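Asker: After the sequence you'll find the predicted model.
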There are 2 protein chains.
Amino acid sequence: MMNTITYSKAEKHLVAVDCIIFGYDEGDLQVLLFPRAIMPEQGCWSLMGGFVNLDESLESAAKRVLFNITGFHDIRLDQVGAFSEPNRDSGERVISIAFSALIRPNQHDKELIREHGAQWWPINKLPKLIFDHEKMVEKALLHLQALADSELVGRDLLPERFTLMQVRQLHEAIFRKPLDPGNFRKKALSMGVLNKLTIKNTSESKKGAFYYEFSQP
Amino acid sequence: MMNTITYSKAEKHLVAVDCIIFGYDEGDLQVLLFPRAIMPEQGCWSLMGGFVNLDESLESAAKRVLFNITGFHDIRLDQVGAFSEPNRDSGERVISIAFSALIRPNQHDKELIREHGAQWWPINKLPKLIFDHEKMVEKALLHLQALADSELVGRDLLPERFTLMQVRQLHEAIFRKPLDPGNFRKKALSMGVLNKLTIKNTSESKKGAFYYEFSQP
DNA sequence: CCAAAAGTGTTCATCCTACACCCATGC
DNA sequence: GCATGGGTGTAGGATGAACACTTTTGG
């Protein structure tokens, strides 16, 4: 693992995790942002993050951060990548590993979020973010797009029951481009992860569209 | 970025980089391994790595490690991922970020490698590795496969001039399965990154195969 | 002549895209 | 009736897998 004679000579680092928390609401892919609580750049918009403790893995640290905000501990987390330019944090040298999370905005604990002063922002209209957090969001979105290419995304973003139009609009938001309704329907159904329910949603169209749910994985 | 009041309370970590160094020789995809120099697990086979200094990025640290071994500083490096289970290193708690590198075994400085006691191992016959290094190699190979799917791999692995059979055998080694010679030829040429040379290699076949080179990126 | 690699062409299945078309119904 | 979304079908293009076939030449 290393070239030195003993571990003890090596320099030690502050290591943080930052979470790109994606949500979906009203046709918009959204990211949860926070006004930074401490100096420097206090008050500027930031991803939610925290330092990693010595007794926990990066994933555990990210889960802990997410739990503090949302109250959930069963949230899917994907490692996006490590960001480590020596001067990326204008305060002190911090290595940060970015994690991507998908959550249902209407399901999480809104009180907890409000306590932190957090706010959802549409991904197309993000404010300026501190440090390299914009790069993190960009890379996380690429990850999400890759995920949506290989499997159907939505289990962690859509409500329990949804119409195919909702899944399509979610994917349109992820890919930032319109998708053909007929083709998307066929592809979505062919993946075999959706159960058709017997009830219809009649609020979005005159004819009414069947509700679907994700089958258990 | 964080939830605490000041950075100074946060715990500090040993942070390392480990390099999965891929080479290609004689039809085999190979990985460069080292007998570990320090306790614990001294003498066991290991990836090459090193601790990250406070004034360098993870990429810089990985480049430094590679330079010490190979004498090159223009090697392509890809971040594979962070490994951070608290007990992954049986010595002390170390977070390690894995990087993947591709080099030409016949081009690098063999003296430097020998100095370190390093040795090339075919990827299909790796010895037992320390800690979680086997997971690192596995993930790095997946990365390499994804790369070879989207573009033609070989610029950093094959000699300057090579035949199409050599590129194909490299890809067969990466994907661990035979590829149809005719189909591979067409796909490789259609990617538009190969220049056909006017000279032939006559040692591998009676008819002789034209040499190719990678066009400048 | 024969084996073995080089190189080309053909067929078939699959997947995606674009787009036409009918259905149901609230206004 | 008509606009709107729901839902189905189809033609064309691109891609890739399987495989036949011809070329070249050392042994």
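Answerer: Yep, that arrived. Numbers count the residues shown, from 1 in each chain, chains lettered A, B, ... in the order given.
Asker: tell me what the top strand by length along chain A is packed against?
Answerer: Taking DSSP state E as the criterion, chain A has its longest strand at strand A:12-25. Applying 3 or more Cβ pairs under 8 Å, 6 or more residues apart in numbering or on different chains; DSSP states H and E, one finds that strand A:12-25 contacts strand A:28-35, strand A:48-51, helix A:58-70, strand A:77-83, strand A:94-102, helix A:133-150, strand B:12-25. In short, each C-beta sits where N, CA and C put it, glycine included.
Asker: Nearest to A:Gly117 among those would be which one?
Answerer: strand A:28-35 (5.1 Å; Cβ to Cβ).
Asker: roughly how far is the longest strand of chain A from the heart of the chain?
Answerer: What separates the centre of strand A:12-25 from the centre of its chain is 9 Å, taken as Cα atoms, centre = their mean, to the nearest Å.
Asker: per-residue confidence for whichever residue of chain A sits closest to DNA strand D?
Answerer: For chain A and DNA strand D, the shortest gap (Cβ to the nearest atom of the strand) falls at A:Gly182, measuring 2.8 Å. At A:Gly182, the pLDDT value in this model is 97.
Asker: quick one, what contacts it?
Answerer: By Cβ atoms under 8 Å, 6 or more residues apart in numbering or on different chains, the contact set of A:Gly182 is empty.
Asker: wait, does the strand or helix carrying it make contact with DNA strand C?
Answerer: Per DSSP states H and E, A:Gly182 falls inside helix A:181-190. Yes. Counting by Cβ under 7 Å from any atom of the strand, DNA strand C has neighbours in helix A:181-190: A:Gly182, A:Asn183, A:Lys186, A:Lys187.
Asker: So which of those wins on neighbours?
Answerer: Neighbour tally across the residues of helix A:181-190 next to DNA strand C (other Cβ atoms under 10 Å in any protein chain shown): the maximum, 14 neighbours, falls on A:Lys187.
Asker: Just the buried positions in stretch A:161-170, please.
Answerer: By 16 or more other Cβ atoms under 10 Å in any protein chain shown, the buried positions in stretch A:161-170 come out as A:Phe162, A:Thr163, A:Leu164, A:Gln166, A:Val167, A:Arg168, A:Gln169, A:Leu170.
Asker: still on that earlier bit, state the paired neighbours of the longest strand of chain A in the sheet, together with their directions.
Answerer: Strand A:12-25 sits in its sheet next to strand A:28-35 (antiparallel), strand A:48-51 (antiparallel), strand A:94-102 (parallel), strand B:12-25 (antiparallel), going by DSSP bridges.
Asker: Now do the buried residues in that strand.
Answerer: Those buried within strand A:12-25 under the rule 16+ other Cβ under 10 Å are A:His13, A:Leu14, A:Val15, A:Ala16, A:Val17, A:Asp18, A:Cys19, A:Ile20, A:Ile21, A:Phe22, A:Gly23, A:Tyr24.
Asker: Determine the angle, from 0 to 180 degrees, between it and helix A:133-150.
Answerer: Going by axes from the mean of the first three to the mean of the last three Cα atoms, to 10 degrees, strand A:12-25 is angled at 60 degrees with respect to helix A:133-150.
Asker: after the helix or strand bottoming out on mean pLDDT in chain A comes which helix or strand?
Answerer: Lowest by mean pLDDT, DSSP states H and E among the helices and strands of chain A is helix A:110-115, with a mean of 80. The helix or strand immediately downstream of helix A:110-115 is strand A:119-122, counting by DSSP H and E.
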